[in-house]
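# Only the shape, not the letters, is given here:
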């Protein structure tokens, strides 16, 4: 396994947010973390990335306990894409090069520069390498953030609602990019999402949280209308459209 969370619990100011959450992801798997607002999705990612220290439970990345790693060691194994990224007067190339910081001693060398060029080419972003990131659209910026995470050469990608505030075209571009990175690089990805239909289309497995607990964890093709209603409190129908499940509310 690339990542294994075992009975992870976490609280904010004494208020339980995660309660004994367990799941795992293998190479080549994209796992969607689903659930209503306040279910603990972002908190779970931060526990996996050692940004939060769980009250109980363990998180292993390639059999190493993240709480026993230095921040640099975590960054060499885990690439993290936050919901929002600050813009600055950097070119796309330089912004992606920042992903090499966990591996650098003094300065970027030829291999670091080659890796940035290779990732930009692989993600079809080479044409914007010299553009400044403060001139990019929201969708373009998210793609650059994914590229920066990939240039870390991580074994695990964590993405916190990477399609929030994006239009339909850019949502699809970002999700296709993540799917391709997982398939080609044989890494694992864990992604928080609100869009059930996007999760059913792009993910392999889903972990559905409600009030900080795992209500269900399964392959996306096994998700039923009953499970969705139990998590979100909304009756739905699930149809097959061109072989892809589509969730439609009954309201």
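Perfect, I can see it now. Remember, predicted model here, so these are calculated numbers, not experimental data.
# What lies in contact with stretch 176-187?
With C-beta atoms under 8 Å, 6 or more residues apart in numbering as the test, stretch 176-187 has contacts from 2, 27-30, 122-123, 143, 146, 150, 154-157, 159, 162, 188-189, 191, 202. Just so you know, the C-beta spots here come from the backbone N, C-alpha and C atoms, and that holds for glycine as well.
# Cross these against helices and list the overlap.
122, 143, 146, 150, 202 (DSSP state H).
# Give me the phi and psi for the residue lying closest to the first one once chain neighbours are set aside.
If you skip the residues right next to it in sequence, residue 122 has residue 184 as its closest partner in space, 7.3 Å away by C-beta to C-beta, 6 or more residues apart in numbering. When quoted as degrees, to the nearest 10, the phi and psi of residue 184 stand at phi -80, psi -40.
# Also the one 3 residues further on?
For residue 187, the backbone dihedrals are phi -100, psi 170 (criterion: degrees, to the nearest 10).
# pLDDT value on it, please?
pLDDT for residue 187: 91.
# where along the stretch 101-250 of the chain do the helices fall?
Counting by DSSP state H, counting those that start in this stretch, the stretch 101-250 of the chain has helices at residues 110-122, 138-150, 168-185, 196-202, 225-232.
# Same list, the ones you listed, but as TSV with mean neighbour count and distance to residue 79 please.
Shown next, in TSV, are the helices of the stretch 101-250 of the chain (neighbours: other C-beta atoms under 10 Å; distance: least, C-beta to C-beta, whole Å):
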stretch	mean neighbour count	distance to residue 79
helix 110-122	16	11
helix 138-150	23	3
helix 168-185	17	10
helix 196-202	20	18
helix 225-232	16	28
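# Could I get those in JSON lines, plus columns for distance to residue 76?
JSON lines is the format used below for these (distance: least, C-beta to C-beta, whole Å):
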{"stretch": "helix 110-122", "distance to residue 76": "13"}
{"stretch": "helix 138-150", "distance to residue 76": "12"}
{"stretch": "helix 168-185", "distance to residue 76": "15"}
{"stretch": "helix 196-202", "distance to residue 76": "26"}
{"stretch": "helix 225-232", "distance to residue 76": "35"}
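# can you tell which of those helices is closest to residue 49?
Proximity to residue 49 (C-beta to C-beta) singles out helix 138-150 among the helices of the stretch 101-250 of the chain, at 11.2 Å.
# Just list what that closest one packs against, helices and strands only.
For helix 138-150, the elements it packs on are strand 78-81, helix 92-97, helix 110-122, strand 156-160, helix 168-185, judged by 3 or more C-beta pairs under 8 Å, 6 or more residues apart in numbering; DSSP states H and E.
# closest to residue 241 out of the helices of the stretch 101-250 of the chain?
Closest approach to residue 241 among the helices of the stretch 101-250 of the chain is made by helix 196-202 (9.4 Å; C-beta to C-beta).
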